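1. Below are the sequence and a predicted model for it; my questions follow.
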Amino acid sequence: MLSRLHQWSQHVWARLPAVLPSSCALCGMSGEHAICNACRARYFQRRAQSCCQCAMPLAIDSPVALRCGACLHQPPAFDATFAAVDYEAPVDQLVLALKFGSRLALAPTFARLMRDSLLLAAPQPALPGILLPVPLGAARLSQRGFNQALEIARPLSRALGIKLEPRLALRLRDTSAQATLHPEQRRKNIRNAFMISHEYVDRLHGQHVGVVDDVMTTGETLNELAATLKRFGAARVTNFVFARTLLK
């Protein structure tokens, strides 16, 4: 009975876009997808070549993976970053709609675009063995009602065939919103904010962990989480983010 009910519900959900057309989150045109084909072609072209470690655009085009000067001078704890799109108008409104407008239907779209950007990457990246969404603090989670990184990580996990481990890491305390702080304040704000869950301590050694988030700005949060993962034995940490802020 449960199996038949599950099959029926899957059929209904698959048919819903045709029965109840949505509208494009960017242009408002009606259609079957959260982002229409025209907007996808216009705003989600392949990113310019970027630093293989932090995903900031590079001034040169090269057939091999390169690191930017900042990563060479002061290497972050994470090893690589893949971003689907630059965080700029009008794409930034999609991120805000998911995070603050509770438009959870955008999360699978973000995941598909992130998967597609990986397929276009050259050279093809080595995929991690497990995925971890950046954890939220208890107060922020209670206030928002969901973790946008987890909402993106769920469909991304299915799309890439990588096991999702949302409880691998914990956020020990609620921190101030990083977007409101200067770079040095961001480092202090996020320092020692994460811990590895007790049941994963002995299982993390030698693992390649993929960390999922919606936006990477300065990278301080991702750097702190990567440093925590490596202190507990992770061999490699790769970030998968929907959007990358272009720092001035």
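-> Good, I have the coordinates. Numbers count the residues shown, from 1 in each chain.
2. quick one, domains of the chain?
-> 1-43, 49-244 (automatic domain parsing).
3. Pick the most deeply packed of the ones you listed.
-> domain 49-244 (a mean of 17; mean count of other CB atoms under 10 Å). For the C-beta atoms, the positions are set from N, CA and C on the backbone; glycine is no exception.
4. Reformat the domains of the chain into TSV and put mean pLDDT next to each item.
-> Shown next, in TSV, are those (pLDDT from 0 to 100):
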stretch	mean pLDDT
domain 1-43	65
domain 49-244	91
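5. Please enumerate the helices of the chain.
-> Taking DSSP state H as the test, the helices found in the chain are 2-19, 37-43, 69-73, 91-99, 106-120, 138-144, 148-160, 183-190, 220-231.
6. could those go into a markdown table alongside distance to residue 49?
-> Converted to a markdown table, those look like this (distance: least, CB to CB, whole Å):
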| stretch | distance to residue 49 |
| --- | --- |
| helix 2-19 | 35 |
| helix 37-43 | 19 |
| helix 69-73 | 14 |
| helix 91-99 | 19 |
| helix 106-120 | 12 |
| helix 138-144 | 35 |
| helix 148-160 | 22 |
| helix 183-190 | 25 |
| helix 220-231 | 20 |
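7. so how far is the first residue of stretch 203-217 from its last?
-> 30 Å (CA to CA, to the nearest Å).
8. Tell me the gap between that stretch and the middle of its chain.
-> Remark: stretch 203-217 is offset 10 Å from the chain centroid, using CA atoms, centre = their mean, to the nearest Å.
9. Likewise for stretch 37-46?
-> The answer for stretch 37-46 is 19 Å, by CA atoms, centre = their mean.
10. Keeping just the C-alphas, turn that stretch into CSV.
-> C-alpha atoms of stretch 37-46 as CSV (Å, rounded to 0.1, in the frame of the first residue of the first chain):
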residue,chain,number,x,y,z
ASN,A,37,14.8,28.9,-21.1
ALA,A,38,15.4,32.5,-22.3
CYS,A,39,16.6,33.8,-18.9
ARG,A,40,18.7,30.7,-18.4
ALA,A,41,20.4,31.3,-21.8
ARG,A,42,20.8,35.0,-21.0
TYR,A,43,22.0,34.9,-17.4
PHE,A,44,23.5,31.4,-16.8
GLN,A,45,26.2,31.2,-19.5
ARG,A,46,29.4,29.5,-18.5
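11. Just the residues contacting that stretch, thanks.
-> Here stretch 37-46 makes contact (CB atoms under 8 Å, 6 or more residues apart in numbering) with 24, 26-27, 29, 31, 35, 84-85, 90-91, 113, 117, 120.
12. Pick out the most distant pair among those residues.
-> 29 and 120 (25.4 Å; CB to CB).
13. hang on, the earlier thing: figure out which of the helices of the chain is closest to residue 129.
-> helix 148-160 (11.1 Å).
14. the inter-axis angle of the closest one versus helix 91-99?
-> Angular relation of helix 148-160 and helix 91-99 on a 0 to 180 degree scale: 100 degrees, by axes from the mean of the first three to the mean of the last three CA atoms, to 10 degrees.
15. which strands and helices sit next to helix 148-160?
-> helix 91-99, helix 106-120, strand 130-133, strand 163-164, strand 208-216 (3 or more CB pairs under 8 Å, 6 or more residues apart in numbering; DSSP states H and E).
16. Pull the distance from that helix to the chain's centre.
-> On CA atoms, centre = their mean, the centre of helix 148-160 falls 8 Å from the chain's centre.
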